[in-house]
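Q: Task: produce atomic coordinates for the following.
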Amino acid sequence: MINRFTELTNDIEEAIRTDERMKIHARVKTAIRNGTFPVAEFGKTQAVGMNTGMHGESLAGNSRPAAGGVVSLTKSHRRMLGYLEQGFIAVPTLAGHLNVKKQTVYDYLQHLKRAGYDIQSRNTGNRRGGYFKIYRLAKSA
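A: Numbering: from 1, shown residues only. Reported below is the predicted structural model:
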């Protein structure tokens, strides 16, 4: 009896999901026909081919945004800015705080520079191991 009840509930759930999928497909088809398909979400073109990076970003020319261009910052970028405002900090430490890889921190640093933030770096003078460079957000005058 328990097995039959389990089968019955699974059948009901499958019927509901199928019905929901059919409704979604119908709405999408109607939106495409009417020209009201949400282009902002789904219509973004992404560069592909040999002149792109791993995530589709263009590798050609200057990677800085054009004058007046907008660079969006994620929550991780903002958290990293908070750590950089406190003073000099090493990349491995930032990676640990943000729970990302060191290469991601270097990418974030470049992204922040493109966004117009003045990121300062200095050598630690340590050649035997440890951190070679440390970074901070420049103090405004």
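Q: quick one: least confident helix or strand in this protein?
A: Counting by mean pLDDT, DSSP states H and E, the weakest-scoring helix or strand in the chain turns out to be helix 39-42, with a mean of 44.
Q: That one: what's the following helix or strand?
A: Counting by DSSP states H and E, the next helix or strand C-terminal to helix 39-42 is helix 75-85.
Q: List the buried residues of that next one.
A: 77, 80-81, 83-84 (16 or more other C-beta atoms under 10 Å). Every residue, glycine included, has its C-beta placed from N, CA and C.
Q: Can you pull out the residues in contact with that helix?
A: For helix 75-85, contacts defined as C-beta atoms under 8 Å, 6 or more residues apart in numbering pick out 73, 89, 94, 97-98, 100, 105, 108, 111-112, 115, 117, 119, 135-137.
Q: Tell me which two of these sit farthest apart.
A: Farthest-apart pair in the contacts of helix 75-85 is H97 and A115; separation 19.8 Å (C-beta to C-beta).
Q: Could I get the buried residue list for the top helix by length along the chain?
A: Criterion DSSP state H: the longest helix present in the chain is helix 2-34. Neighbour counts over helix 2-34 (16+ other C-beta under 10 Å) mark no residue as buried.
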